[in-house]
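# No sequence on hand, only this structure:
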């Protein structure tokens with residue numbers, strides 16, 4: 001049995017995603033396609049436009065056999081932790097043979113060489129990283145400069161390309177876990193955050209269209225099955241949780257802020273100072289960000305401060321069972337034999353990460369204008 005996994009957010013699921021899904025199935029000859037879906041808040045720290053349930057419904061309607069939810073503490077995190085969360089679930093399922101991801105290149109050697117170097121850094125990398133950090137660069141930028149110094153055979157432009165970085169993080173997670181999952185790389189078409197809706201539009205472009213005009217024509221941009229979900233969905237508008245966030249930050253001491261995973265090196269003082277002058281989350285990010293503290297890190301830190309933090313697991317201990325197709329019953333039976341927990345009744349769980357998951361879900365529904373109890377009323381999807 002061949003099983004291919006894809007780690008994604010699908011906010012929303014568009015034609016580019018459908019292309020990757022079909023190409024992944026073709027490359028791997030998979031009998032089943034499994035999606036590990038990001039939580040209610042994105043890897044960059046933003047609230048998703050569409051609910052976890054609606055995004056899972058789009059994935060299933062467009063051809064996935066099984067959709068699992070990644071725990072929030074891995075989903076809203078920097079690239080390496082996000083990758084460990086997704087790959088960790090695929091690995092622990094015990095049945096996944098392939099992982100597919102989109103990238104700016106299909107050069108698997110370049111991806112693998114970079115992953116191996118980061119897994120076991122050489123002296124050139126360590127020296128270049130130390131120097132770049134001393135020069136005031138963010139860790140991500142410093143790491144890119146160090147990779148360029150240590151890997152002259154890899155196109156330097158790739159080393160700062162977002163999907164190349166994420167792909168490397170996936171392969172690095174494979175090394176850390178001793179995973180035998182085979183990568184299947186699909187050439188990405190379209191810019192990661194492009195607002196251009198020509199060709200394969202990015203999810204950012206689709207969200208921008210819908211924010212401007214909820215009735216925008218999505219033909220050729222999103223599959224019809226996605227459009228059916230989108231037209232009936234309740235969305236989370238930008239800025240809906242801003243006041244709650246600012247009030248939460250106001251009540252947090254610098255010492256408490258320092259306990260947030262991505263806040264360190266005086267960042268808490270910059271946040272507290274900027275709070276006096278801003279009225280929105282976007283304004284706060286713009287006030288606080290610097291070359292050393294990029295906007296994505298600030299965004300994640302603010303969301304982590306709002307939702308709260310707990311001691312973080314190094315590997316997911318469960319995945320939420322969001323939905324499956326009728327043909328996936330043999331797949332589920334095979335997964336059950338390996339013992340990895342798939343949770344379909346969150347209310348019965350007492351895991352620390354599950355409490356954070358559901359708090360994130362509650363806040364998402366509150367921001368979308370729905371009672372927080374809605375988070376607990378969502379049923380597993382069967383298509």
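Yep, it's here. In this text the structure is predicted, and so the values were computed from the model without any measurement.

# quick one, phi/psi of residue 5?
Main-chain dihedrals, residue 5, degrees, to the nearest 10: phi -110, psi 150.

# List the contacts of it.
Remark: with contacts taken as Cβ atoms under 8 Å, 6 or more residues apart in numbering, residue 5 is in contact with 33, 34, 35, 36, 86, 90, 93, 96, 98, 99, 100, 181. Using the backbone N, CA and C atoms, a C-beta is placed for each residue, glycine as well.

# just the residues you listed now: which is nearest residue 254?
Taking Cβ to Cβ as the measure, residue 86 is the one of the contacts of residue 5 closest to residue 254, at 33.1 Å.

# how about the nearest residue to residue 294 once chain neighbours are set aside, what does it touch?
Closest residue in space to residue 294, ignoring its immediate chain neighbours: residue 138 at 5.0 Å, by Cβ to Cβ, 6 or more residues apart in numbering. The contact partners of residue 138, taken as Cβ under 8 Å, 6+ apart, are 291, 292, 293, 294, 297.

# Then residue 46?
Going by Cβ under 8 Å, 6+ apart, the list of residues near residue 46 reads 299, 303.

# What segments of the stretch 251-383 of the chain are helices?
In the stretch 251-383 of the chain, the helices defined using DSSP state H, counting those that start in this stretch lie at 254-257, 267-275, 281-288, 295-307, 329-336, 352-367.

# who wins for proximity to residue 49 among those helices?
With Cβ to Cβ, the closest approach to residue 49 among those belongs to helix 352-367: 10.2 Å.

# buried stuff in that closest one?
Using 16 or more other Cβ atoms under 10 Å as the burial criterion, the residues of helix 352-367 that qualify are 353-354, 356-367.

# now swap in stretch 305-325 and tell me
Applying a neighbour-count criterion of 16+ other Cβ under 10 Å, one finds 305-307, 313, 316-325 buried in stretch 305-325.

# Lowest pLDDT pick from the residues you listed?
In terms of pLDDT, the least confident member of those is residue 313, at 80.

# For the closest residue to that residue other than its chain neighbours, list the residues it contacts.
Nearest in space to residue 313, with sequence neighbours left out and distances taken as Cβ to Cβ, 6+ apart, is residue 353 at 6.2 Å. Residue 353 sits next to 71, 72, 73, 310, 313, 316, 317, 318 when contact means Cβ under 8 Å, 6+ apart.

# Make a markdown table out of those residues and add distance to residue 122.
Formatted as a markdown table, those follow (distance: Cβ to Cβ, whole Å):
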| residue | distance to residue 122 |
| --- | --- |
| 71 | 33 |
| 72 | 35 |
| 73 | 31 |
| 310 | 36 |
| 313 | 30 |
| 316 | 30 |
| 317 | 34 |
| 318 | 37 |
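
# just the strands in the stretch 51-200 of the chain please.
Counting by DSSP state E, counting those that start in this stretch, the stretch 51-200 of the chain has these strands, from start to end: 66-69, 98-103, 182-187.

# burial count for residue 271?
Each residue near residue 271 was counted by other Cβ atoms under 10 Å, and the total is 24.

# Assess the claim that it and residue 260 are in contact.
No. Residue 271 sits out of contact with residue 260 when judged by Cβ atoms under 8 Å, with a separation of 9.5 Å.

# Nearest residue to the residue nearest to the spatial centre of the chain in space, ignoring adjacent ones along the chain?
Nearest to the mean C-alpha position of the chain, counting by Cα atoms, centre = their mean, stands residue 43 at 3.9 Å. The shortest distance from residue 43 to any residue other than its chain neighbours is 4.9 Å, reached at residue 82 (Cβ to Cβ, 6+ apart).

# rewinding a little: with neighbour count, distance to residue 63 and pLDDT added, can I get the contacts of residue 138 in TSV?
Converted to TSV, these look like this (neighbours: other Cβ atoms under 10 Å; distance: Cβ to Cβ, whole Å; pLDDT from 0 to 100):
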residue	neighbour count	distance to residue 63	pLDDT
291	10	42	85
292	17	42	84
293	22	40	88
294	16	35	91
297	22	34	92
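
# and residue 292, how far is that from residue 110?
Counting by Cβ to Cβ, to the nearest Å, the gap from residue 292 to residue 110 is 28 Å.

# Nearest to residue 278 among the contacts of residue 353?
Closest approach between the contacts of residue 353 and residue 278, by Cβ to Cβ: residue 72, at 25.3 Å.

# got the contact list for that closest one?
Under the criterion of Cβ under 8 Å, 6+ apart, the contact list for residue 72 reads 39, 40, 41, 307, 353, 356, 357, 359, 360.

# wait, is residue 13 part of a helix?
No. Assessed by DSSP: H, G, I helix; E, B strand; the rest coil, residue 13 does not belong to a helix; its assignment is coil.

# pretty sure it is touching residue 62, no?
Yes. Taking Cβ under 8 Å as the contact criterion, residue 13 and residue 62 are neighbours in contact, 5.8 Å apart.

# Residues that sit against both of those two, list them.
When contacts are counted by Cβ under 8 Å, 6+ apart, residue 13 and residue 62 have 223, 226 as shared neighbours.

# any weak-confidence spans in the protein?
Scanning the chain with the threshold set as pLDDT under 70 gives 190-199, 310-311.

# Would you mind splitting it into its domains for me?
According to automatic domain parsing, the chain comprises the domains 3-104+166-175+177-238+313-382, 120-159, 242-307.

# Please identify which of these is closest to residue 114.
Ranking these by their distance to residue 114 (criterion: Cβ to Cβ) puts domain 3-104+166-175+177-238+313-382 first, at 4.7 Å.

# which residues touch the closest residue to residue 161 other than its chain neighbours?
Closest residue to residue 161 in three dimensions, ignoring its sequence neighbours and counting by Cβ to Cβ, 6+ apart: residue 104, at 4.5 Å. The neighbourhood of residue 104, defined by Cβ under 8 Å, 6+ apart, consists of 158, 161, 163, 164, 187, 188.
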